[in-house]
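K.L.:
below: sequence and its predicted model.
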Amino acid sequence: MMSQIHFHEDFYIPILKGSKTQTARIDEPIPDLGKGEAIFDDGRSIPIVIKAVSHKSLNEMSDEEVKKDGFHTKGELWYALLTFYPNLKESDELMLVEFEIIQE
């Protein structure tokens, strides 16, 4: 079965445009590499390929990884993460899932 990654609908356009090619998650099952699907809260979906999964804290993330997630700075990413994970600490390990959309 292919992995599904759920996203808030605000991320639909950034993913579609390719400006968001990674997502940071906490306490979610590790998705399988290969074909998957980005599923949005409003019911839309985009076929994706899950390319890599790594684990690191926000402090350990590079600027490049922050940009892959669709943010300009660690502060912006941190603020967004806190809206989904209010008890998150900067030292907590994140699961970084790298993906690309499948052009059909």
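P.N.:
That came through fine. This one's a predicted model, so the numbers in the text were calculated from it and none came from an experiment. Numbering: from 1, shown residues only.
K.L.:
going forward, measure contacts between C-alpha atoms and count neighbours the same way
P.N.:
Will do.
K.L.:
retrieve the pLDDT associated with the nearest residue to F71 once chain neighbours are set aside.
P.N.:
Spatial nearest neighbour of F71, chain neighbours left out: L77 (5.8 Å); criterion: C-alpha to C-alpha, 6 or more residues apart in numbering. At L77, the pLDDT value in this model is 96.
K.L.:
contacting residues around the helix or strand where L77 lies?
P.N.:
Assigned by DSSP states H and E, L77 falls within helix 74-84. Applying C-alpha atoms under 8 Å, 6 or more residues apart in numbering, the contact partners of helix 74-84 are A24, L58, D63, V66, D69, F71, L88.
K.L.:
okay, the residues you listed in a markdown table with secondary structure, neighbour count and pLDDT next?
P.N.:
Listed next are the contacts of helix 74-84 as a markdown table, based on DSSP: H, G, I helix; E, B strand; the rest coil; neighbours: other C-alpha atoms under 10 Å; pLDDT from 0 to 100:
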| residue | secondary structure | neighbour count | pLDDT |
| --- | --- | --- | --- |
| A24 | strand | 21 | 97 |
| L58 | helix | 21 | 94 |
| D63 | helix | 13 | 96 |
| V66 | helix | 22 | 97 |
| D69 | coil | 21 | 97 |
| F71 | coil | 18 | 96 |
| L88 | coil | 15 | 94 |
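K.L.:
farthest-apart pair in those residues, please.
P.N.:
Spanning the widest gap among the contacts of helix 74-84 are D63 and L88, at 19.7 Å by C-alpha to C-alpha.
K.L.:
longest strand in the chain, by number of residues?
P.N.:
If you go by DSSP state E, the chain has its longest strand at strand 45-57.
K.L.:
how about that one: buried residues?
P.N.:
Neighbour counts over strand 45-57 (16 or more other C-alpha atoms under 10 Å) mark S45, I46, P47, I48, V49, I50, K51, V53, H55 as buried.
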